[in-house]
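>>> Got a predicted structure here, sequence first:
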Amino acid sequence: MERFVLKGKLLLDGTGRPPIENGVVLIEGNRIVAAGEEKNVIPPANVKVIDCGAQVLIPGLIDCHNHLAMDPTLENWPARLNDSDAEQALRATVHMGIDLKAGVTTARCLGDKNFLDVACKRAVASGQLVGPRLIVATRGIRATHGHGFVGYPFDGPDQIRRAVRENLKAGADFIKLFITGTVRQGREIQSYLSREEISVAVQEAHRANVCVTAHCIGGIGLEECLAAGVEAIEHGYFLSDREIDLLLKAGRWLVLTPSPYFSEERVRTLPLEIADAFRRGREEVAERMSAIIKGGIKFAVGTDGRHGGLAQEIEYLVRLGASEKEALRAATHHAAVVCGLEGIIGTIEPGKMADIVGLMGNPLDDIRNLKKVGTVISRGKLLYSGVNE
Ligand SMILES: [Zn+2]
């Protein structure tokens with residue numbers, strides 16, 4: 001089994017402990033064996049050393065809301081989610097490389113067409129393709145008249161039950177429901193799935209010990225999801241104060257995805273009418289996200305398919321009022337909990353997977369340092385490095 005010691009100027013292990021100066025991590029195979037101050041970690045004789053010099057070591061990042069084949073830089077990108085399976089598979093392959101290079105060693109996939117995510121997950125796990133570790137929702141489940149570019153329509157409890165069971169059979173790690181749209185239309189936010197349909201989906205998933213998450217920007221659908229036992233809410237762009245309180249009391253997770261509203265680069269590739277709806281909502285969403293961050297809700301963060309952009313999403317969180325530490329946790333420890341993988345990823349601790357990123361500056365001093373990735377180690381393998389070995 002390959003063994004090596006990784007050294008950095010600073011180690012942020014992600015556990016909440018203070019930063020460790022001159023930190024070292026001992027890695028054996030794909031696991032972390034020891035981590036801490038140089039004087040406390042005694043490596044075996046003649047072990048290989050990878051010295052990252054002035055770099056700051058942090059846990060591998062987790063994109064908590066991803067779509068493998070989505071590319072918001074393409075003109076009218078929602079339409080491109082109807083491209084052939086072959087085209088989408090090629091895009092997904094390229095995207096996984098981009099994500100990994102940006103320090104994303106795990107991605108939670110919230111829906112792709114035709115079970116592409118399952119194929120990618122297996123290809124990465126077997127070593128056939130290079131990419132982040134994936135956990136997958138397979139097909140998004142939506143109502144016929146509802147929103148969801150990566151969703152498939154199902155109506156009524158029986159169809160919903162069948163959809164959940166088919167997703168599970170195909171290899172879904174969790175179930176994704178589309179409850180609302182993404183932009184606000186009118187005062188009341190419409191919920192497309194009925195209370196009964198949501199309940200059936202949750203019951204079926206829970207019988208298989210699988211979690212359910214809901215694309216929901218607020219409104220009556222949020223209450224129905226919480227009552228039915230949904231574990232997490234995606235986006236939450238327009239949560240009212242009352243809904244923030246409900247989410248807080250229920251102790252459920254919210255996965256924030258700032259860029260669809262805040263990145264003009266992303267908005268301008270949309271058809272004019274949709275782009276304008278995002279622009280119109282920008283100010284309100286900023287105000288609501290700040291309220292969410294201040295409100296004490298447990299949150300993680302994701303790119304919603306903006307590959308290589310996780311550092312930018314985390315930067316938005318800081319601009320909206322999160323501390324650097326909190327924002328970093330949203331893409332490490334907290335995201336690991338949302339994925340149900342907190343036992344194996346999210347922190348740099350003995351026994352965990354050796355997913356480690358080296359940065360050219362301290363993200364706690366300036367969150368933009370997350371964009372300066374110098375080293376990526378995924379499952380104990382050095383993939384990218386700008387340093388001397
Ligand atoms: Zn999404």
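It's in. Numbers count the residues shown, from 1 in each chain.

>>> contacts, neighbours, all on C-alpha from now
Noted.

>>> could you dump stretch 284-291 to PDB, C-alpha only?
Below are the C-alpha coordinates for stretch 284-291, written out as PDB (Å, rounded to 0.1, in the frame of the first residue of the first chain):
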ATOM      1  CA  GLU A 284     -35.000  40.000  -2.900                       C
ATOM      2  CA  VAL A 285     -33.000  36.800  -3.100                       C
ATOM      3  CA  ALA A 286     -29.900  38.500  -1.700                       C
ATOM      4  CA  GLU A 287     -32.000  39.900   1.200                       C
ATOM      5  CA  ARG A 288     -33.600  36.500   1.900                       C
ATOM      6  CA  MET A 289     -30.300  34.600   1.700                       C
ATOM      7  CA  SER A 290     -28.800  37.000   4.200                       C
ATOM      8  CA  ALA A 291     -31.700  36.400   6.500                       C
END
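
>>> Give me the buried positions along that stretch.
285, 286, 288, 289, 290, 291 (16 or more other CA atoms under 10 Å).

>>> got a list of what the second one touches?
Counting by CA atoms under 8 Å, 6 or more residues apart in numbering, residue 286 touches residue 320.

>>> list the contacts for the residue most central in space within the chain?
Taking CA atoms, centre = their mean as the criterion, residue 64 is the residue nearest the geometric centre of the chain, at 1.1 Å. By CA under 8 Å, 6+ apart, the contact set of residue 64 is 107, 108, 109, 255, 300, 301, 302, 303, 331, 335, 338, 339.

>>> any idea which element it lies in?
Assigned by DSSP states H and E, residue 64 belongs to strand 61-66.

>>> So which of the contacts of residue 64 are in helices?
335, 338, 339 (DSSP state H).

>>> of all those residues, which comes closest to residue 262?
Taking CA to CA as the measure, residue 262 lies nearest residue 335 of the ones in helices among the contacts of residue 64, at 21.3 Å.

>>> Report the contact partners of that closest one.
Contacts of residue 335 by CA under 8 Å, 6+ apart are 62, 63, 64, 300, 301, 329, 346.

>>> Was I right to think the first one contacts residue 104?
Yep, that's residue 62 we're talking about. Yes: if you go by CA atoms under 8 Å, residue 62 and residue 104 touch, sitting 5.5 Å apart.

>>> Just the mean pLDDT for stretch 173-191, thanks.
Stretch 173-191 shows a mean pLDDT of 93.

>>> Now do it: distance to the chain's middle.
19 Å (CA atoms, centre = their mean, to the nearest Å).

>>> Can you point out the buried residues in that stretch?
173-184, 189-191.

>>> now the end-to-end length of it.
Distance between the two ends of stretch 173-191: 24 Å, counting by CA to CA, to the nearest Å.

>>> Tell me which residues are up against it.
Applying CA under 8 Å, 6+ apart, the contact partners of stretch 173-191 are 110-111, 135-143, 146-148, 151, 164, 167-168, 192-193, 198, 205, 210-221, 237-238, 277-278, 281.

>>> Need the CA coordinates for the strand holding residue 64. PDB is fine.
Output in PDB follows, covering the C-alpha atoms of strand 61-66 (Å, rounded to 0.1, in the frame of the first residue of the first chain):
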ATOM      1  CA  LEU A  61     -14.400  20.300  -1.300                       C
ATOM      2  CA  ILE A  62     -18.000  18.900  -1.700                       C
ATOM      3  CA  ASP A  63     -20.300  20.400  -4.300                       C
ATOM      4  CA  CYS A  64     -23.600  19.700  -2.600                       C
ATOM      5  CA  HIS A  65     -25.800  20.500  -5.700                       C
ATOM      6  CA  ASN A  66     -24.400  19.500  -9.000                       C
END
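
>>> For the helix or strand just after that strand, what does the pLDDT average out to?
Using DSSP H and E, the helix or strand that directly follows strand 61-66 along the chain is helix 77-80. The predicted model assigns helix 77-80 a mean pLDDT of 94.

>>> swap in stretch 345-363?
Stretch 345-363 comes out at a mean pLDDT of 98.

>>> And it, end to end?
End-to-end distance of stretch 345-363 (CA to CA): 19 Å.

>>> Report the distance from it to the chain centre.
The answer for stretch 345-363 is 16 Å, by CA atoms, centre = their mean.

>>> same check, this time on stretch 356-365
From the chain centre to the centre of stretch 356-365 is a distance of 19 Å (CA atoms, centre = their mean).

>>> got the contact list for that stretch?
Against stretch 356-365 from outside (CA under 8 Å, 6+ apart): 8, 52, 54-61, 103, 324-325, 348, 369-378.

>>> Now with 7 Å, please.
54-60, 103, 324-325, 369-370, 372-378 (CA atoms under 7 Å, 6 or more residues apart in numbering).

>>> ok, and the most crowded of the contacts of residue 335?
Neighbour counts for the contacts of residue 335 peak at residue 63, which has 35 neighbours (criterion: other CA atoms under 10 Å).

>>> Now do the SS call for the residue of the chain most remote from its centre.
Residue farthest from the centre of the chain, counting by CA atoms, centre = their mean, is residue 45 at 38.7 Å. The local conformation at residue 45, judged by DSSP: H, G, I helix; E, B strand; the rest coil, is coil.

>>> what pLDDT does it get?
87.

>>> Report the separation between it and residue 189.
63 Å.
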